[in-house]
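Participant: following is a predicted model, sequence given first.
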Amino acid sequence: MDDTIRALSDSPTLWALIAGRAAASPDAPALLEGSTAAEDRRLTFGELARRAERVAAGLYGLGVRPGSRFAWQLPTRIESVVLSAALARLGAVQTPVIPIYRDREVGHIIGQTRAEFFAVPGEWRGFDFTAMARRLCAGLAEPPLLLTAYDELPDGDPAVLPGPPADGTAVRWIYWTSGTTSEPKGVLHTDRSLIAGGSCLAHALEMRADDVGSIAFPYAHIGGPDYLVMLLLYGFPALLLEQFALPGSLAAYRRHGVTMAGGSTAFYSLFLAEQRKQPPGEKLIPTLRLLSGGGAPKPPELYKEVIRELGCRLTHGYGMTEAPMITMGSPRDPEERLATTEGRPPASMEIRIVDGEVRLRGEAVCQGYTDPLLTAESFDAEGWFRTGDLGRLTDDGYLVLTGRLKDIIIRKGENISAKEIEELLYAHPGIADAAVIGLPDPERGERVCAVVEQSAGAGPLTLADITVYLREAGLATQKLPEQLETVDALPRNETLRKVLKYKLRERFAKS
């Protein structure tokens, strides 16, 4: 780590980090955008800082002050990053909202945060965000001021601005969990917790100034600041994609020479499927050296397939909205550890296992939730955050996740890990992906149900086929699925493409 990166890592606030990188490499590219060469746009680090200050001045003219509550629901594009940076310059409390959220989630978020300002993209991808915002705010006693922030952002003279914020430990970010089974939970972060997460991620991945990253997921996701901090610390650019789709996005990856891509396990699978369509010996993205991500379990067989077929390294990690960087694999790690673990925690993150549950303490951990009751439930008496994930630490410090507390199937009093069965099923040549769920059963308490996507061209699968295969793989008899369902596609969310198991339980509970 050179002296510039070391100094930037100690930045007290996100704005100090933006200003520090702008001073260190003002002309280096920071943000790249454009699905075709004719649409290409870019912003240097110096331009990012200057434009953010002008936007901050424009917002100041609209009444945004330090501590103002500002929600924004915007796609992944240059203007979204600039607006967020401008709010960081002002010291506002910003609430990023993922664009796939609709009335139920957005109404809950606006009510929970009592937002004073709300920025939307207008009509985007066939949906009118402004109309939704007006609909939700119509009945509020103090509705937020609505802004359209897609192509145009407020502008002003930075001379009017007060000094930048100095306290990096104040809560200035509220991120939201996916809310797939209940109302979204507001997670409280500080500038320092976000800087800590992104700093550890960049260090683990051994990023370089000549890298080109990519943000193919919603920038409003907790992964957004992770990546921004990486860019600012190491001085490399990232390609921003409003909509990720293959093969459509490949032209941009190739044109900009992306060296690091990913997002989650589902992204690895999508790249792998596209590689298999290429002529023999032709690499999907010639410059790609690293796939990386987290957010969902990674079957060991998928790791092997990526290394063998995509011809790049794969480093997987473990994080969540409450702690965006918990563990991460490094390109220098042994192959076996990269395939079978989630990597190691950085020095700034403490992990301990209590009754099988992974608990955390460290600078990247959130300050709690907007709901004080949730905060009280989520931290133990010694201040350790309860993740709800099950796992173990190896003798050399790598974390192995074994499932979720709520994802353990209890069959006749025996605990069964869905993840263990899923990893075995993934290696079956006729299965493209699998999810294992527990379903109510009057005799067993729960029965084990395997829901699978079949590989292209594969013949029909039966429960008997799966039973023979899993027995040969060494799975204990009491863990064998008692029900098999085949689907065209597993239901997933639109951020990191996590499988929505609650939808599978609803669908197959009465089968």
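Facilitator: Looks like it came in fine.
Participant: tell me the buried residues in the helix ranked longest in the chain?
Facilitator: The single longest helix within the chain, with elements called by DSSP state H, is helix 45-61. Within helix 45-61, the residues that count as buried by 16 or more other C-beta atoms under 10 Å are 45-49, 51-60. Glycine gets a C-beta too; all of them are placed from N, C-alpha and C.
Participant: what of stretch 106-118?
Facilitator: Quick answer for stretch 106-118 (16+ other C-beta under 10 Å): V106, G107, H108, I109, I110, Q112, T113, A115, E116, F117, F118.
Participant: and the first one, what pLDDT?
Facilitator: Pointing back at V106 there. Per-residue pLDDT puts V106 at 93.
Participant: so which strand or helix has it?
Facilitator: helix 103-113 (DSSP states H and E).
Participant: rewinding a little: check the offset of the longest helix of the chain from the chain's centre.
Facilitator: 26 Å (C-alpha atoms, centre = their mean, to the nearest Å).
Participant: averaged pLDDT, that helix. What do you get?
Facilitator: 98.
Participant: could you say what helices and strands that helix packs with?
Facilitator: Helices and strands touching helix 45-61, by 3 or more C-beta pairs under 8 Å, 6 or more residues apart in numbering; DSSP states H and E, are helix 14-24, strand 29-33, helix 78-90.
Participant: not counting that helix itself, show me its contacts.
Facilitator: 18-19, 21-22, 24-31, 43, 70, 81-83, 85-90, 92, 117, 153-161, 232, 235 (C-beta atoms under 8 Å, 6 or more residues apart in numbering).
Participant: go again with 7 Å.
Facilitator: 18-19, 21-22, 25-28, 30-31, 82-83, 85-86, 89-90, 153-158, 160-161 (C-beta atoms under 7 Å, 6 or more residues apart in numbering).
Participant: now those: which count as buried?
Facilitator: Using 16+ other C-beta under 10 Å, the buried members of the contacts of helix 45-61 are 18-19, 21-22, 25, 28, 30-31, 82-83, 85-86, 89-90, 153-154, 156, 161.
Participant: lowest-pLDDT helix or strand in this structure?
Facilitator: strand 414-417 (a mean of 77; mean pLDDT, DSSP states H and E).
Participant: and that strand, which residues are buried?
Facilitator: I416, S417.
Participant: just checking, what packs against it?
Facilitator: Under the contact criterion of 3 or more C-beta pairs under 7 Å, 6 or more residues apart in numbering; DSSP states H and E, strand 414-417 touches strand 408-411.
Participant: which strands and helices sit next to the strand it packs on?
Facilitator: When contacts are defined as 3+ C-beta pairs under 7 Å, 6+ apart, strand 408-411 sits against strand 414-417, strand 445-454.
Participant: contacts for the helix or strand harbouring I437?
Facilitator: Assigned by DSSP H and E, I437 belongs to strand 431-441. By C-beta under 7 Å, 6+ apart, the surrounding residues in contact with strand 431-441 are 269, 409, 418, 421-422, 425-426, 446-455, 481, 483, 490, 499, 501, 504-505, 508-509.
Participant: which of those residues are buried?
Facilitator: So, by 16+ other C-beta under 10 Å, the buried ones in the contacts of strand 431-441 are 269, 409, 418, 421-422, 425-426, 446-454, 481, 490, 499, 501, 504-505.
Participant: and the helix or strand just after the least confident helix or strand of the chain, what does it pack onto?
Facilitator: Going down the chain from strand 414-417, the next helix or strand is helix 418-426, by DSSP H and E. Under the contact criterion of 3+ C-beta pairs under 7 Å, 6+ apart, helix 418-426 touches helix 300-305, strand 399-404, strand 431-441, strand 445-454.
Participant: for the first one, C-alpha coordinates in PDB please.
Facilitator: Backbone C-alpha positions of helix 300-305 (Å, rounded to 0.1, in the frame of the first residue of the first chain) are rendered in PDB as follows:
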ATOM      1  CA  PRO A 300     -17.400 -25.000  -5.000                       C
ATOM      2  CA  GLU A 301     -18.100 -26.500  -8.400                       C
ATOM      3  CA  LEU A 302     -19.100 -23.100  -9.800                       C
ATOM      4  CA  TYR A 303     -15.700 -21.800  -8.700                       C
ATOM      5  CA  LYS A 304     -13.900 -24.600 -10.600                       C
ATOM      6  CA  GLU A 305     -16.000 -23.900 -13.700                       C
END
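Participant: so who does the residue nearest the centre of the chain touch?
Facilitator: With distances taken as C-alpha atoms, centre = their mean, G223 lies nearest the centre of the chain, 4.3 Å away. Going by C-beta under 7 Å, 6+ apart, G223 touches F217, P324.
Participant: now do L188
Facilitator: V171, I174, C366, Q367, G368, Y369, T370.
Participant: got it, and S330?
Facilitator: A204, E206, T315, G343.
Participant: which among the contacts of L188 end up buried?
Facilitator: Using 16+ other C-beta under 10 Å as the threshold, I174, C366, G368, Y369, T370 are the buried ones among those.
Participant: gap between the fourth one and R208?
Facilitator: With distances taken as C-beta to C-beta, to the nearest Å, Y369 is found 37 Å from R208.
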